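Chemist: Okay, predicted coordinates and the sequence, questions at the end:
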Amino acid sequence: MCPQSSYIYILGAGASKPDGVPVTKEIFSAAFHGASGPRNDGLSYRLSNQTWPKEQILELQPVFKLFDSWNTTHLEQDLLDLYENKPTPREFIVDTQRFEDFYSRLYYMSKGRKYNGCELTEDQIRNIWQKAKHLFYHTVGSAGWHRDRRHYQAFVEKALTRPGAHCVISFNIDSLLDDLLYDRCKSFDPRKGDYDRREELAWSYGIVFEQTSWPQYYEFFDEAKISYYKLHGSLNWRFDQGSQRTSLCHPQNPCDCESFRGGGAKDDLLVIPPVEEKDFPLPLRTVWKKASDKLSKAEELCVIGYSAPDVDREAVALLRRTPSSLKRVVIVNPSEDHTQRILGLLGNPSGEIVTRYVGFKEYLEKELGGEVLGHNTQTKVKKERIHRIQQRRS
């Protein structure tokens, strides 16, 4: 393979799933996973890996009540059981279509669309939409932080350090990869008592942020070797509709941390919710254009954990712009149907240049020779990461 190739990686939900981030159909189950009763003073509860004051836990009740009324589920009762300190709610899966239908319908109603049989007022609908949206953000944003993120770690070390130009096009809003890039790009060396810069991992989001609580990012932006385009936004990005200004938070402190507990009034996350008709603000439209330009020049394309569903019309159109001059195509997906769909959108490239792996781990180990770390090594890595965080804060 050419040592100065142009590598393009497309990441779907299946890329983050092995490192703990739930896919769409698992969101509600993940929200309740590990839920427990009172903590210490009896006033705080656990939900979606977050601590919630008892008086606020029931604020989610209208979301689940409405979902139950449109589906044959019992989410509201699960929430009440949690509130009354009954056994942890059962785990269940809500299929992707029902989940997206619920969020899409609720989103359209919040924008003024009318549906027969709905007796909720406009204010009630908007309030429920805010709560549903932030529950989704909390669940996605917190899920991976209690895991070792071994797959993304191997991806950063083995894929993104290869000689050549790299572009990561992601449909994920979590910040797991972002944080690992930061840790690896500027890692603390205890022998020197200082940070070592790894210029080959410097990256750019393709957005100019007017404000940031993460000033170190600009050190990487100026000498970016990696283009990292998050087409659906990111939990550590904000966008003010009035001033049209963008701002950036550190990936370990996602922007939505306080928005729900503050009443859900803030609506400035630069994130596209899981709805069918997506409305992309100007900063994201800019990212889409840059991603399209990069993809049009791709020599090697690797699609990891993405199925390109019909509702992602913009993504389908993006994949169809891939040049016919591709030298290599790698598909990482356990589904044969999804694999064939992706290949069809790419113009059915010759089988001689196509390689398929059923999982992220298999791709990392067989394609890149990357070791997906075992438990003992993970513990060591986690301790080193905690040390870096402490050094960063001191």
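Modeler: Structure's in. What do you need?
Chemist: which residues touch Val21?
Modeler: Val21 makes contacts with 13, 140, 143-144, 172, 174, 176, as judged by CB atoms under 8 Å, 6 or more residues apart in numbering. Backbone N, C-alpha and C define where each C-beta goes, glycine included.
Chemist: How much space separates it from Cys118?
Modeler: For Val21, the distance to Cys118 (CB to CB, to the nearest Å) stands at 32 Å.
Chemist: check which helix or strand covers Gly14.
Modeler: helix 13-16 (DSSP states H and E).
Chemist: which residues are in contact with that helix?
Modeler: Here helix 13-16 makes contact (CB under 8 Å, 6+ apart) with 21, 23-24, 144, 151-152, 170-172, 174, 176-177, 304-307, 332-334, 360.
Chemist: Please indicate which of the residues you listed are buried?
Modeler: When neighbours are counted using 16 or more other CB atoms under 10 Å, the contacts of helix 13-16 contain these buried positions: 21, 23-24, 144, 151-152, 170-172, 174, 176-177, 304-307, 332-333, 360.
Chemist: quick one: which of those sit in helices?
Modeler: The helices, defined by DSSP state H, take in 151-152, 176-177, 360 from these.
Chemist: which one of those is nearest Gly164?
Modeler: Gly164 has its nearest neighbour among these in Leu177, at 18.7 Å by CB to CB.
Chemist: Distance check, the closest one against Tyr9.
Modeler: 10 Å.
Chemist: which neighbours do the two share?
Modeler: Common neighbours of Leu177 and Tyr9 (criterion: CB under 8 Å, 6+ apart): Val168.
Chemist: isn't Pro323 right up against Ser292?
Modeler: No: contact criterion CB atoms under 8 Å: Pro323 and Ser292 do not qualify, at 11.6 Å.
Chemist: got the contact list for Asp312?
Modeler: Here Asp312 is in contact with Phe171 (CB under 8 Å, 6+ apart).
Chemist: how does it look with 10 Å?
Modeler: Counting by CB atoms under 10 Å, 6 or more residues apart in numbering, Asp312 touches 12, 171, 231-232, 276, 278, 306, 318-319.
Chemist: quick one: which of those residues is nearest to Ile57?
Modeler: Nearest member of the contacts of Asp312 to Ile57, counting by CB to CB, is His232, at 28.3 Å.
Chemist: What sits closest to that closest one if chain neighbours are left out?
Modeler: Ile272 (4.3 Å; CB to CB, 6 or more residues apart in numbering).
Chemist: contacting residues for the one you found?
Modeler: Contact partners of Ile272, counting by CB under 10 Å, 6+ apart, are 171, 173, 230-233, 278-281, 284, 314.
Chemist: and it, what pLDDT?
Modeler: Per-residue pLDDT puts Ile272 at 92.
Chemist: Can you give me the separation between it and Arg198?
Modeler: Here Ile272 is placed at a distance of 31 Å from Arg198 (CB to CB).
Chemist: Next: Leu11.
Modeler: 21 Å.
Chemist: the more surrounded of these two?
Modeler: More crowded of Leu11 and Arg198, by other CB atoms under 10 Å: Leu11, with 25 against 15.
Chemist: what sits against the residue nearest to Leu368 when sequence neighbours are not counted?
Modeler: Nearest non-adjacent residue to Leu368, counting by CB to CB, 6+ apart: Lys158, 4.0 Å away. Neighbouring residues of Lys158 by CB under 10 Å, 6+ apart: 363-365, 367-371.
Chemist: Among those residues, name the buried ones.
Modeler: 363-365, 368, 370.
Chemist: okay if I get the residues you listed as a markdown table plus secondary structure, pLDDT and distance to Thr212?
Modeler: Putting the buried ones among the contacts of Lys158 into a markdown table (DSSP: H, G, I helix; E, B strand; the rest coil; pLDDT from 0 to 100; distance: CB to CB, whole Å) gives the following:
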| residue | secondary structure | pLDDT | distance to Thr212 |
| --- | --- | --- | --- |
| Tyr363 | helix | 94 | 33 |
| Leu364 | helix | 93 | 32 |
| Glu365 | helix | 92 | 37 |
| Leu368 | coil | 87 | 32 |
| Gly370 | coil | 65 | 31 |
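Chemist: Tell me which two in the residues you listed are the farthest apart.
Modeler: Tyr363 and Gly370 (8.8 Å).
Chemist: burial of Leu106, as a residue count?
Modeler: Leu106 - counted by other CB under 10 Å - has 23 other residues nearby.
Chemist: Look at it and report its pLDDT.
Modeler: With respect to pLDDT, Leu106 has a value of 94.
Chemist: Thought Lys65 was touching Ala132, still the case?
Modeler: No: Ala132 lies out of contact with Lys65 (CB atoms under 10 Å); the separation is 11.3 Å.
Chemist: ok, these two, which is more surrounded?
Modeler: Ala132 (24 against 14).
Chemist: Nearest residue to Ser170 in space, please, no chain neighbours.
Modeler: Sequence neighbours aside, Leu11 is the residue nearest to Ser170 in space, at 4.2 Å (criterion: CB to CB, 6+ apart).
Chemist: Tell me who's in contact with the one you found.
Modeler: Neighbouring residues of Leu11 by CB under 10 Å, 6+ apart: 152, 155, 168-172, 177, 228, 230-231, 302-306, 332, 360.
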